[in-house]
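J.: Okay, sequence plus prediction incoming.
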Amino acid sequence: MRRLLALTRHPWVRRAFLVLAFAAAVWAIASRWDDVRAAWSELPPLTVLAAFAVALVYVLATLASWRAVLADLGSPVPPGPAARMFLVSQLGKYVPGGIWNLVAAAEIGADLRIPRRRSVTAMAVALLVSIVTGLLVAVVAVLAGPADVRATYGAALIALPVLVVLLLPPVLNRLLGVALRLLGRPPLEYPVSAAGVARASAWALLAWLLAGLHVWLLATALGAETTLATAALATGGYALAWTVGFLVIVVPAGVGVREAVLGLVLAGQLSGGSVVVAVLASRVLMTVADVALGLAAAARRRRPAHA
């Protein structure tokens with residue numbers, strides 16, 4: 001890991017990574033372009049615009065959750081530099097390997113005078129917060145969803161109590177300390193606090209609600225009932241799909257896995273063809289939101305942050 005971080009400090013490596021990350025994100029859409037084009041023909045343009053706008057806000061809410069963790073660890077970065085650090089690094093999740101968003105966050109954070117171990121720790125803790133809150137929300141999908149959803153993915157929720165315990169500050173700080181010692185790194189200057197975890201979790205829960213609204217807009221435009229139950233199923237279904245897709249680390253950004261899980265959850269609300277349209281449209285809009293915000297953040301002039 002140290003050699004990898006040392007390599008990424010070269011300017012040409014950073015530029016190459018950025019190009020590769022953008023290309024991987026675009027390829028996630030282009031590789032299924034025929035299906036994507038067919039999906040758009042079945043969705044009203046205003047629905048697509050509304051779902052895309054919600055996707056943008058969803059990404060910004062995940063940014064706020066991560067920023068709350070980073071501030072709790074001792075680096076309260078201003079919004080502009082924080083946005084560049086997070087949004088650009090998130091493009092790394094489209095590159096195979098599963099670690100490139102962490103590497104990118106560490107290097108961009110170093111430019112902002114944030115210790116690399118703190119940047120990596122903040123990203124790891126923010127991901128854990130997302131997983132735990134996502135599984136909490138996913139309980140709705142499993143309990144309210146069809147029997148095949150409960151049979152197929154109900155076992156995944158067994159991990160929820162364990163993950164909640166891991167998020168408790170006394171446990172989490174001890175585990176982080178052990179991990180840093182094993183990596184030969186000094187301990188964190190500031191431990192994770194209960195208040196910091198609570199703030200990050202609140203933003204993460206808002207992000208899941210926005211993701212659910214995004215899916216609900218697409219599903220109802222394709223024929224699902226415009227009810228609160230559908231909204232709950234869409235929210236829990238997306239959270240479950242994202243969590244399962246994230247845990248399958250061999251697939252960049254959960255491509256294919258997320259669609260399969262979300263499709264299964266929505267199968268009771270939509271016809272087979274409409275399910276495919278909904279999950280493909282959701283994937284494309286979320287990816288475009290990542291790319292658009294990443295491009296906007298990368299285009300900003302770098303300015304030093306003052307913690």
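T.: Good, I have the coordinates.
J.: Run through the protein and note the low-pLDDT ranges.
T.: Applying pLDDT under 70 to the chain picks out residues 1-40, 94-101, 141-157, 247-256, 272, 301-307.
J.: ok, now how distant is the residue most central in space within it from residue 82?
T.: With distances taken as C-alpha atoms, centre = their mean, the chain has residue 62 as the residue nearest its mean C-alpha position (6.8 Å). In this structure, residue 62 and residue 82 are 12 Å apart, going by C-beta to C-beta, to the nearest Å. For every residue, glycine as well, the C-beta is placed using N, CA and C.
J.: in the chain, which spans are strands?
T.: Shown for the chain, no strands are assigned by DSSP state E.
J.: which residues in it form helices?
T.: Taking DSSP state H as the test, the helices found in the chain are 2-7, 11-30, 33-40, 45-72, 79-90, 100-111, 116-144, 147-153, 159-166, 169-182, 194-221, 228-247, 257-266, 272-299.
J.: mind listing what's buried in the last one?
T.: So the one you mean is helix 272-299. Taking 16 or more other C-beta atoms under 10 Å as the neighbour-count basis, helix 272-299 is seen to contain the buried residues 274-291, 293-294, 297-298.
J.: other SSEs contacting it?
T.: Judged by 3 or more C-beta pairs under 8 Å, 6 or more residues apart in numbering; DSSP states H and E, helix 272-299 is in contact with helix 11-30, helix 33-40, helix 45-72, helix 79-90, helix 194-221, helix 257-266.
J.: can you put those helices in JSON lines and add distance to residue 188?
T.: Listed next are those as JSON lines, based on distance: least, C-beta to C-beta, whole Å:
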{"stretch": "helix 11-30", "distance to residue 188": "25"}
{"stretch": "helix 33-40", "distance to residue 188": "43"}
{"stretch": "helix 45-72", "distance to residue 188": "10"}
{"stretch": "helix 79-90", "distance to residue 188": "18"}
{"stretch": "helix 194-221", "distance to residue 188": "12"}
{"stretch": "helix 257-266", "distance to residue 188": "32"}
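J.: how about those helices, which one is nearest residue 140?
T.: When those are ranked by distance to residue 140, counting by C-beta to C-beta, first place goes to helix 194-221 at 9.0 Å.
J.: Now do that closest one against helix 169-182, angle only.
T.: If you take axes from the mean of the first three to the mean of the last three C-alpha atoms, to 10 degrees, helix 194-221 sits at 100 degrees to helix 169-182.
J.: relative orientation of helix 194-221 and helix 45-72 in degrees?
T.: Comparing the axes of helix 194-221 and helix 45-72 via the same axes, to 10 degrees yields an angle of 170 degrees.
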